[in-house]
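Asker: The sequence and its predicted three-dimensional model are supplied below.
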Amino acid sequence: MTPANPMQRQSIVGFMIRSLLMASVCYMAWSIRLNAVRIYGRVIHEFDPWFNFRATEYLAENGWEKFSTWFDDMVWYPLGRPVGSTTYPGLQLTAAYIYWASEYFGIGWTLNDICVFIPAGFGALACIACAGLATEVSGSYNAGVISAALFAILPGHLMRSVAGGYDNESIAVTAIVLTFYFWVRALRDETSYIIFAPLSALAYIYMVIAWGGYTFVLNMVGVHVFVLVLAGRHSSRLHRAYSVWFLLGTWGAMQFQIVGWKPLQEMEQIGPLGVFLVLQLVEVLEYFRRKHKMDEEAFRSFRLKVLAVVVVLSAIGLGMVPHGYFGPVSNRVKSLFIKHTHTGNPLVDSVAEHQATKPDAYWLYFHLVIYLAPLGLVPCFFRLTDSKYFLVLYLCMTAYFSRKMVRLILLLAPAASISAGVVLTIILEWAIRNIFHSDTEEVEEEAEEEAEKSATSTPLGKKGTKNEVKPSKKNKDAKRSKEEKFREHHISAQFLKAKKIFSSLYASQKLLRTLLAVLTLVTVSVGLFRYYNHCQMMSNNLSEPQIILRGRSRDGGSVIIDDFREGYWWLRDNTPEDSRVMAWWDYGYQITGVGNRTTIADGNTWNHEHLALLGKCLVSEEEKSFKITRHLADYVLVWSTRYAGMYGDDLAKVPHIARIAGSVYSDVHGDGYYMQSQTEASPLLRESLIYRLHGWRLNPQVQPLKHFEEVHTTKNMMMRIYKVKNVAERAPHGDYSPWVKKNVVSKMKAYNQKK
């Protein structure tokens, strides 16, 4: 007989083989993420990771207490930023604890090396969690290993977990999959929740402090529970598991400043609270039903009365809630349900990773997995379990969100890998079984015979077993005629007979099955080989650190282009320590992290009005801009990479800069700044400060500057730095100068869009 629980089938030998395979998968996941280290060395990548590294340095040197109250006056000049209350500190805490442990045990790891390698290490850990979730969903250890192998090198996962990409998502994916694994594990049997519901809550708390995407995890679990209740799968096990998870997880999340009371106030987080309350109501109703032994009619009447009371009390309670207690849906969440260019916030619409995903991106980031994943849902609808419901919801929800925002491809990666792993396991097990003629037909036939016996063992018109519940006269089943019952029984018998004939025919064609199995195995092997090569190619592309580039010399050799760090190092070594550098917000983290100089704005983008002021300085004419800039900055930095053949520089960003400025300042025409071609600018753009700084001395159309002096242009002309002449006297830190407040800030339009 087949074991009731497929998880019981593992032998010692099987365990050892799968353990070795999982070790190989983890090593593969680690190794493929080190391409950047092999080429460029141990370098922090891109923009946001430089803030994370700088914040980690502060935490490691000063401890948690000072970090949680840290007010950084080197950013967002002259306002500053309270870092402790505006940062998800999970990444910094992880790196700092590893560093402190290294110091304590005398290992000697540098903080830079720890931060570089954390994404690769957590990428491998995420594969273990993925294997656990796949095993729990499918009931197959083989599916767990195969899903983890697909996930280990999947570009959709690599995109945020290559070495050097020290960003929040690099640890968040591990936390997400671990939370989900512990959650579905908590629903396996009546006592599983005792251990695994708290573990899932702890993993969720770690997810909360790691990344703002924790709202997805919260809602994913809430939707799963809600669907199970609607599907009639409510149980005391589900009630206890979710109650423990929600209460412990929400309490833990609220301990951190950046979260606070949001789980009970923000519209995108309030749904799981409603599910929790509904679950309590359902459990109470079931308790009274069992206690008073109500039949269906009595219970229906009782339920309607209770629901009426609950609705009235809820309406009264909501009416007593102070106005403004519940916050509006944020624009980042809005962008998941409306066209991304119409969120109402030009800042959100300007971010590349908030754009909708193009169809061809799925092939780049998933390859064959994107075609196998939908097929993996089919087995989920046979012998439905709570965990299979979860996979269906997980894949469908993340597929939708990934279509709306390109960065959310990351959320789809684990679900797609698991679903593809499930169907790939079924295909491979069938092929291997038929090639080696495993003696499984007898077991299958025995199972079919038992099913047939159970379907026909109770003759029509005879009484059932003593445990059978007799239908009431008012029940729909009791109203069915004997003819209807006979017809149903006849159809069932005919289906079983046809199935048995097909099974016999299938069992007799061993040679044909063997040939088909060999062909299947060869086809799958070729597909997986191409998948591996594609992932290696994508790994090389995704490992480019952006702060350092590779190019080709005239003789065709590979050369390293290090203009960006060169420019930041020039700032660090050749300007006063208290210098303020004006640049578009994209570069703020690198200016402070690498150049160690004060910036006007950075990637935190917490103050839309201040960003609009910065945009106004950059797109206004030189004379008009200078009157404001002299109160804010000592130097102005622009990216001019088009002179090296890369056209994604500041001139490409000007349309977004102008729209953000125009959303607050009426005198900025938001749609008038753009490049008509690669070399021709619109009339308004030609007069702007950013265009003149970008092209001075390199573009013959640009006239000499009056208020700005060129002090440094990098080797390949990719970055230009100008000194502001006749800088105004600095106002006290924390507020704009009186002149700026009177002549600029006072003329702002009201802008109340929540980011």
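Answerer: Perfect, I can see it now.

Asker: now what about stretch 86-101, what contacts it?
Answerer: Stretch 86-101 is contacted by residues 52, 55-56, 59-60, 64, 67-68, 107, 109, 111, 114-115, 118, 166-168, 170-172, 175, 206-212, 256, 258, 604, 606 when judged by C-beta atoms under 8 Å, 6 or more residues apart in numbering. Where you see a C-beta, it was placed from the backbone N, CA and C, and this is true even at glycine.

Asker: In it, which residues are buried?
Answerer: Within stretch 86-101, the residues that count as buried by 16 or more other C-beta atoms under 10 Å are 87-96, 98-99.

Asker: So which of the residues you listed are in helices?
Answerer: Secondary structure defined by DSSP state H assigns 90-96, 98-99 of these to helices.

Asker: can you list those residues in TSV and add pLDDT and distance to Ser640?
Answerer: Formatted as TSV, these follow (pLDDT from 0 to 100; distance: C-beta to C-beta, whole Å):
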residue	pLDDT	distance to Ser640
Gly90	97	37
Leu91	97	32
Gln92	98	33
Leu93	97	38
Thr94	98	37
Ala95	98	34
Ala96	98	37
Ile98	98	39
Tyr99	98	37
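
Asker: just checking, Val275 touches His224?
Answerer: No. Contact criterion C-beta atoms under 8 Å: Val275 and His224 do not qualify, at 9.2 Å.

Asker: Below-threshold pLDDT in the stretch 451-600 of the chain: ranges please.
Answerer: Within the stretch 451-600 of the chain, the stretches with pLDDT under 70 are 451-495, 497-499, 501-508.

Asker: how about the strands in it?
Answerer: Here the stretch 451-600 of the chain has its strands, by DSSP state E, counting those that start in this stretch, at 549-552, 558-561, 580-582, 598-599.

Asker: Give me the three-state assignment for Arg720.
Answerer: Going by DSSP: H, G, I helix; E, B strand; the rest coil, the secondary structure assigned to Arg720 is strand.

Asker: Show me what it is bridged to.
Answerer: With DSSP bridges as the criterion, Arg720 is bridged to Val638, Thr713.

Asker: Spit out the contact partners of it.
Answerer: Listed by C-beta under 8 Å, 6+ apart, the contact set of Arg720 reads 637-638, 640, 693-694, 696, 710, 712-714.

Asker: from the residues you listed, which would you call buried?
Answerer: The neighbour count (16+ other C-beta under 10 Å) marks 637-638, 640, 693-694, 696, 712-714 as buried among the contacts of Arg720.

Asker: Rebuild these as TSV, extending it with pLDDT and distance to Ser31.
Answerer: As requested, the buried ones among the contacts of Arg720 are exported to TSV (pLDDT from 0 to 100; distance: C-beta to C-beta, whole Å):
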residue	pLDDT	distance to Ser31
Leu637	98	37
Val638	98	39
Ser640	97	37
Leu693	98	44
His694	97	41
Trp696	96	47
His712	98	39
Thr713	97	39
Thr714	97	34
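
Asker: Near the residue nearest to Thr714 when sequence neighbours are not counted, how many other residues are there?
Answerer: Distances taken as C-beta to C-beta, 6 or more residues apart in numbering place Asp563 nearest to Thr714, at 3.9 Å, with adjacent residues excluded. By other C-beta atoms under 10 Å, the residues close to Asp563 number 21.

Asker: Next: Leu318.
Answerer: Residues within reach of Leu318, counting by other C-beta under 10 Å, total 10.

Asker: Strands of this structure, residue ranges please.
Answerer: Taking DSSP state E, the strands of the chain run over residues 71-72, 81-82, 549-552, 558-561, 580-582, 598-599, 635-639, 708-713, 719-724.

Asker: which secondary structure elements does the fifth one contact?
Answerer: The criterion is 3 or more C-beta pairs under 8 Å, 6 or more residues apart in numbering; DSSP states H and E, and the helices and strands that strand 580-582 contacts are strand 598-599, helix 608-619, strand 635-639.

Asker: one more time with 6 Å, if that's ok
Answerer: Applying 3 or more C-beta pairs under 6 Å, 6 or more residues apart in numbering; DSSP states H and E, one finds that strand 580-582 makes contact with strand 635-639.
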